[in-house]
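1. coords please:
(one chain, ligands or ions: 2)
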Amino acid sequence: EYDIDKNLRSPICVVLGHVDTGKTLILDKIRKTRVQEGEAGGITQQIGATYFPIKSLQKLTNKVNKKHRYKHKLPGLLVIDTPGHETFTNLRSRGSNLCDVAILVVDIMHGIEPQTRESIDLLKKRKTPFVVALNKIDRLYDWNVTENMGFRDTFKNQKKHVQMEFQNRLNETILHFNQLGMNAELYFKNKSIKDTVSLVPTSAVTGEGIPDLLMYVVQLTQKYMIKKLTYLSTFQCTILEVKVIEGHGTTVDVILVNGKIHEGDRIITCGLNGPIDTTIRALLTPQPLKELRVKSEFIRHPVLHAAVGFKISAVGLENSIPGSEVFICGQRDDPEELKERAMKDLNSILNDVDTSGKGVYVQSSTLGSLEALLEFLKQMKIPVFGINIGPVHKKDVEKASVMLELKPEFGVVLAFDVTVTGEAREYAKEKGVQIFEAKIIYHLFDRFTEYMKEVKE
Ligand code: GDP
Ligand code: MG
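-> Numbering: from 1, shown residues only. Ligands and ions are numbered 1, 2, ... in the order given. Model (predicted):
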């Protein structure tokens, strides 16, 4: 039934889409289905990710892989759990993409929504292959549920008027894609997956179509990505989040895409105020669910192999930046060279900003989102004169306020997915510096353009 190729690593899959389309529930449903079938053991909850081993994938796709005609070769699938743009933009390494494949979730009742468009832009920019889960089919009026059934089988069981409503909504979604300059087609009718987006109808509530979705992801990766999935000796590891954990201090949540990592390894990464050079104190993953009563929240590992999501505990990680790469400094490596490489992305972003010019002040939560935001502002021809990563402090507002005298309308802070301290807010009010806050790039942009219009009038 399967024939694992030992030279292949597991692909990394990210789930994107508009809020409330069902991203979280789709993952929950996949996990639960396996738990109900008494096979949760193989599925491992990691940091920011869930790992589905081949055995699980094979069972989950049974219904659409009759007689096991299709042979699974990949060891498993690592699905990133914290869906959203943030995670996607941070799955990067030297500007290239670490995520192998994406599931873009669209609500069949709503079609393409604003964040769907933003997701498509990001996917196109990173050249990430993706499949669309056309979710919530169970909400079509009079839908006849058969739990966890393949889409084509369950569709045959629907009444004529349900099938017609489905067809209408499908056509509408396809039209939306056409309007964005893309072809789209039901996945089993798609004859040209290189230039046509595949749509897989699903329900995260009933599990219908989920076998099709997983099967599609497996086939897509297995058919077109073997080269990318072949184990390389190169080590690739990216920070997704920086978190303070009781008993561990500041830790970083990372995804190891390639290679292996040991407790005690010397690591080098990018810090806000310069490179961070430290030694791994512990590699941590969560305890399995059934062992919740054990004292410690995490399991320590002496070594971990890609692809895997985990937490690194080490001294001196306070100023580390999500979206940065982690390097291992072995005995034969030159630490100075690695430090330079670690700082390269941040430095090149900093160098791109003309601090002597006129422009707005931009603050973002991560390297990935900062990069995406700056790219966006460039397209919109909004100049930037200062940037920072992390919460907005009084000193940031002070910097932005410099513009009030040079070009008053630029005396603003564009704060993307970051908190603003009370002190910064008070100071901004006092000085007349506007702080625009948003978690979605184009919301930030919309608010700023509206403001610019007002200023001009
Ligand atoms: P997310 O914001 O994309 O992660 O969306 P959630 O997974 O949190 O789902 C948003 C809401 O839609 C929740 O109330 C879900 O119960 C509901 N939902 C998600 N998927 C489906 C589906 O396939 N069918 C129905 N009927 N409801 C769904
Ligand atoms: Mg969610």
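
2. element containing the residue in the chain that ligand 2 sits nearest to?
-> Closest residue of the chain to ligand 2, C-beta to the ion: residue 24 (3.3 Å). Placement of C-beta: from N, CA and C, glycine included. Assigned by DSSP states H and E, residue 24 belongs to helix 23-36.

3. please apply the same query to residue 219.
-> Per DSSP H and E: residue 219 is located in helix 210-224.

4. ok, is that helix in contact with ligand 1 or not?
-> No - Helix 210-224 stays clear of ligand 1 (C-beta under 6 Å from any ligand atom), getting no nearer than 9.5 Å.

5. so what touches the following helix or strand past that helix?
-> With elements assigned by DSSP H and E, the helix or strand that comes after helix 210-224 is helix 226-229. With C-beta atoms under 8 Å, 6 or more residues apart in numbering as the test, helix 226-229 has contacts from 8-11, 74, 100, 221.

6. and helix 226-229, what's buried?
-> By 16 or more other C-beta atoms under 10 Å, the buried positions in helix 226-229 come out as residue 229.

7. and it, average pLDDT?
-> Average pLDDT, helix 226-229: 81.

8. quick one, longest helix in this protein?
-> Criterion DSSP state H: the longest helix present in the chain is helix 160-179.

9. could you list the residues in contact with that helix?
-> By C-beta under 8 Å, 6+ apart, the list of residues contacting helix 160-179 reads 106, 108-109, 111-112, 134, 137, 140-144, 155, 158, 183-186, 197, 199, 201.

10. now, the contacts of helix 226-229 that are in helices?
-> residue 221.

11. selection in PyMOL covering whichever of the contacts of helix 226-229 are buried, please.
-> With 16+ other C-beta under 10 Å as the burial test, the buried ones among the contacts of helix 226-229 are selected in PyMOL as follows:
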select buried, resi 8+9+10+11+74+100+221
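
12. tabulate the contacts of helix 226-229 in a markdown table, adding columns for pLDDT.
-> A markdown table is the format used below for the contacts of helix 226-229 (pLDDT from 0 to 100):
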| residue | pLDDT |
| --- | --- |
| 8 | 83 |
| 9 | 86 |
| 10 | 89 |
| 11 | 92 |
| 74 | 87 |
| 100 | 91 |
| 221 | 92 |
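
13. buried set for the helix holding residue 24?
-> In terms of neighbour count (16+ other C-beta under 10 Å), helix 23-36 has its buried residues at 23, 25-27, 29-31, 33-34.

14. listing partners with orientation, what would you give for whichever helix or strand comes after it?
-> For helix 23-36, the succeeding helix or strand toward the C-terminus, using DSSP H and E, is strand 44-45. Strands that pair with strand 44-45, judged by DSSP bridges, come out as strand 49-53 (antiparallel).

15. quick one: contacts of the helix holding residue 24?
-> With contacts defined as C-beta under 8 Å, 6+ apart, helix 23-36 is touched by 15-17, 40, 42-43, 50, 52, 56, 59-60, 79, 81, 83-84, 103, 105, 133, 135, 148, 202, 204-205, 207, 210, 213-214.

16. how many other residues sit next to the closest residue to residue 130 other than its chain neighbours?
-> Take residue 130 and drop its neighbours on the chain: the residue closest to it by C-beta to C-beta, 6 or more residues apart in numbering is residue 102, 4.0 Å away. Using other C-beta atoms under 10 Å, residue 102 has 27 other residues around it.

17. wouldn't residue 126 be in contact with residue 98 here?
-> No - checked against C-beta atoms under 8 Å, the pair residue 126 and residue 98 is beyond contact range at 9.4 Å.

18. the more surrounded of these two?
-> Legend: neighbour count by other C-beta under 10 Å for residue 126 and residue 98, higher for residue 98 (21 against 17).

19. what sits against the residue of the stretch 51-200 of the chain found nearest ligand 1?
-> Closest to ligand 1 within the stretch 51-200 of the chain is residue 136: 3.9 Å, counting by C-beta to the nearest ligand atom. When the contact criterion is C-beta under 8 Å, 6+ apart, the partners of residue 136 are 21-22, 107-109, 203-205.

20. what does residue 122 give?
-> Contacts of residue 122 (C-beta under 8 Å, 6+ apart): 16, 85, 88-89, 128, 372.

21. okay, and which of those residues map to strands?
-> residue 16 (DSSP state E).

22. and of the contacts of residue 122, the nearest to residue 317?
-> Set against residue 317, the nearest of the contacts of residue 122 by C-beta to C-beta is residue 89 (20.5 Å).

23. check the secondary structure at the spatially closest residue to that closest one that is not a sequence neighbour for me.
-> With C-beta to C-beta, 6+ apart as the criterion, residue 89 has its nearest non-adjacent residue at 3.2 Å, and that residue is residue 368. The three-state label given to residue 368 by DSSP: H, G, I helix; E, B strand; the rest coil is helix.

24. so who does residue 368 touch?
-> So, once contact is read as C-beta under 8 Å, 6+ apart, residue 368 ends up touching 86, 88-92, 322-323.

25. ok, the closest residue to ligand 1 within the stretch 1-150 of the chain - how many residues close by?
-> Of all residues in the stretch 1-150 of the chain, residue 22 sits closest to ligand 1, at 2.8 Å by C-beta to the nearest ligand atom. Neighbours of residue 22 under the rule other C-beta under 10 Å: 22.

26. now do the phi/psi pair for it.
-> phi 120, psi 20 (degrees, to the nearest 10).

27. report the contact partners of it.
-> Counted by C-beta under 8 Å, 6+ apart, residue 22 has contacts 105, 107, 133, 135-136, 202, 204.

28. next, format those as JSON lines and append secondary structure and pLDDT.
-> As requested, these are exported to JSON lines (DSSP: H, G, I helix; E, B strand; the rest coil; pLDDT from 0 to 100):
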{"residue": "105", "secondary structure": "strand", "pLDDT": "96"}
{"residue": "107", "secondary structure": "strand", "pLDDT": "97"}
{"residue": "133", "secondary structure": "strand", "pLDDT": "98"}
{"residue": "135", "secondary structure": "strand", "pLDDT": "98"}
{"residue": "136", "secondary structure": "coil", "pLDDT": "98"}
{"residue": "202", "secondary structure": "coil", "pLDDT": "98"}
{"residue": "204", "secondary structure": "coil", "pLDDT": "97"}
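
29. for the residues you listed, give me JSON lines that also has distance to residue 267.
-> Formatted as JSON lines, the contacts of residue 22 follow (distance: C-beta to C-beta, whole Å):
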{"residue": "105", "distance to residue 267": "34"}
{"residue": "107", "distance to residue 267": "41"}
{"residue": "133", "distance to residue 267": "36"}
{"residue": "135", "distance to residue 267": "39"}
{"residue": "136", "distance to residue 267": "43"}
{"residue": "202", "distance to residue 267": "39"}
{"residue": "204", "distance to residue 267": "38"}
